[in-house]
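Q: below: sequence and its predicted model.
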Amino acid sequence: MAGLGGRRDALVGLQRALPRVDGLSAWAAAACIIGLATLLKFVLDEFAGGPLPPYITYYPAVVLSALAGGLRIGLVTAATTIVLAWYIWLPNPLSFAVTGAATALTIGIYAANSFMLATVVGFARLSLDRLAANEAQRARNAAESVHRIKNLIAVVQALAVKIAREVKTPEEFREVFARRLEALAIAQNVLVREDWNDVSLKEVIQGTLAPFLPNPGLKVDGGPEVVVPAQHVNGLSLALYELSTNAMKYGALANGEGPVVLSWRCADGKCELEWREGRRAAAPVESSGFGSVLIKTALSNAPDTHVEYEFTPTEVVAVFRWPAPSA
């Protein structure tokens, strides 16, 4: 398993070192590779004392170009080298008259093989990109899972402490704590759902913040009926849960005092959700970390969306904006 992981890491490292498929740098690299292969062919001719077959240097050129830039660049490289081979190999290329069956057969074989090589290596590059993307997603999922577990434990601990301060008997503690755990389970289901459709913002807030409500320090200001597009529901839920967890652990809700105000509005074709927390922090909040990443990427950096996340020793403000869905 360790060997398999090492090979996978090596492939991912190779993918990251290569230019982007069909990118400008990949086209430039292919042009340089073709030029170097052509130059090398003439150098080898001098050392050999006579003309060598052009595929000696053009086969590697096709492979390297397809690996660097993908299928399209590989096929263009193959076509370009076929034309160059025609001019280099044929005794009288400008006449386009094939003077020998052996010459025609050689170039024909090279053409077929070079296109085949470009196709195979181009698809290999596609598989390499997919492998790298899957590995990156796997790493993000693992980090998110660990972060969620830590948050879940922290929330359970904070709820237990908070409820213990508010109740007077063990029976009352068990009853209230059980209700909060049920709400926490509902919130976890909200966070892991993947089959979201467009939903009401109120539904997202109620499902995500269920473990933290009721709370005298957390005020949810009613706003207009707002729809959250399906692609933003999970990210927005994660961000709200992260903000609430931070507030419970070492923010304004740590002692149940607040204030935390959650409000939303719609205007000029934009919907805006704002979390404003007057911090009474017992410990500093990390300015960078997985939790901050979850908040800042809640809307996936989609077009026309914007996330602001700032905190100071006295305040935490998170603002999420997205286009209002058409009626």
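A: Nice, I can see it. Residues are numbered from 1 along each chain as shown.
Q: buried set for the one helix or strand Leu39 maps to?
A: Assigned by DSSP states H and E, Leu39 belongs to helix 24-48. In terms of neighbour count (16 or more other Cβ atoms under 10 Å), helix 24-48 has its buried residues at 26-27, 29-30, 33-34, 37-38, 41. The C-beta positions use only the backbone N, C-alpha and C, and glycine is treated the same way.
Q: same check, this time on stretch 149-162
A: 151-152, 155, 158-159, 162.
Q: kindly report the same for stretch 163-171.
A: Ile163.
Q: dump that stretch to PDB, restricted to CA.
A: Extracted in PDB, the C-alpha atoms of stretch 163-171 (Å, rounded to 0.1, in the frame of the first residue of the first chain):
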ATOM      1  CA  ILE A 163     -27.000  23.400  29.800                       C
ATOM      2  CA  ALA A 164     -25.400  22.500  33.200                       C
ATOM      3  CA  ARG A 165     -25.400  26.100  34.100                       C
ATOM      4  CA  GLU A 166     -29.100  26.600  33.100                       C
ATOM      5  CA  VAL A 167     -30.800  23.600  34.700                       C
ATOM      6  CA  LYS A 168     -31.300  22.600  38.300                       C
ATOM      7  CA  THR A 169     -31.700  18.800  38.300                       C
ATOM      8  CA  PRO A 170     -30.000  15.900  36.600                       C
ATOM      9  CA  GLU A 171     -33.400  14.800  35.100                       C
END
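Q: quick check: mean pLDDT of the helix holding Leu39?
A: For helix 24-48, mean pLDDT is 90.
Q: which helices and strands sit right next to that helix?
A: helix 55-69, helix 71-89 (3 or more Cβ pairs under 8 Å, 6 or more residues apart in numbering; DSSP states H and E).
Q: the shortest one packs against which elements?
A: If contacts are counted by 3+ Cβ pairs under 8 Å, 6+ apart, helix 55-69 sits against helix 24-48, helix 71-89, helix 101-166.
Q: and the second one with helix 101-166, angle?
A: Relative orientation of helix 71-89 versus helix 101-166 (axes from the mean of the first three to the mean of the last three Cα atoms, to 10 degrees): 160 degrees.
Q: and the spatially most central residue of the chain, how close does it get to Arg130?
A: The residue lying closest to the centre of the chain (Cα atoms, centre = their mean) is Gln137, at 6.8 Å. Counting by Cβ to Cβ, to the nearest Å, the gap between Gln137 and Arg130 amounts to 10 Å.
Q: what of Gly291?
A: 29 Å.
Q: try Leu75
A: 20 Å.
Q: could you dump the helices and strands packed on helix 55-69 to CSV with distance to Ile205?
A: Shown next, in CSV, are these (distance: least, Cβ to Cβ, whole Å):
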stretch, distance to Ile205
helix 24-48, 45
helix 71-89, 46
helix 101-166, 16
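Q: quick one: which of those is nearest Gln188?
A: helix 101-166 (7.3 Å; Cβ to Cβ).
Q: and the closest one, what does it pack against?
A: Secondary structure elements in contact with helix 101-166, counted by 3+ Cβ pairs under 8 Å, 6+ apart, are helix 2-17, helix 55-69, helix 71-89, helix 170-192, helix 230-250, helix 290-296.
Q: switch to 6 Å and redo it
A: Secondary-structure packing of helix 101-166 (3 or more Cβ pairs under 6 Å, 6 or more residues apart in numbering; DSSP states H and E): helix 2-17, helix 55-69, helix 71-89, helix 170-192, helix 230-250.
Q: quick check: angle from that helix to helix 170-192?
A: Using the same axes, to 10 degrees: helix 101-166 against helix 170-192 is 160 degrees.
Q: tell me what angle helix 101-166 forms with helix 55-69.
A: Calculated by the same axes, to 10 degrees, helix 101-166 forms an angle of 20 degrees with helix 55-69.
Q: quick one: helix 101-166 to chain centroid distance?
A: 9 Å (Cα atoms, centre = their mean, to the nearest Å).
Q: again with stretch 75-89
A: The answer for stretch 75-89 is 38 Å, by Cα atoms, centre = their mean.
Q: just stretch 54-73 next, same as before
A: 29 Å.
Q: and if you look at stretch 297-312?
A: On Cα atoms, centre = their mean, the centre of stretch 297-312 falls 15 Å from that of its chain.
Q: ok, residues contacting stretch 110-122?
A: 55, 62-63, 66-67, 70-71, 74-75, 78, 82, 85 (Cβ atoms under 6 Å, 6 or more residues apart in numbering).
Q: repeat that with 7 Å
A: 55, 58-59, 62-63, 66-67, 70-71, 74-75, 77-78, 81-82, 85 (Cβ atoms under 7 Å, 6 or more residues apart in numbering).
Q: ok, and the most crowded of those?
A: When neighbours are counted by other Cβ atoms under 10 Å, Val62 leads these with 33 neighbours.
Q: contacts only, for that one.
A: With Cβ under 7 Å, 6+ apart, Val62 has these contacts: 74, 77-78, 81, 114, 117-118.
Q: how close does the closest residue to Thr80 other than its chain neighbours get to Gly223?
A: Leaving aside its chain neighbours, Thr80 sits nearest to Ile34 (5.8 Å; criterion: Cβ to Cβ, 6 or more residues apart in numbering). Between Ile34 and Gly223 the computed distance is 60 Å (Cβ to Cβ).
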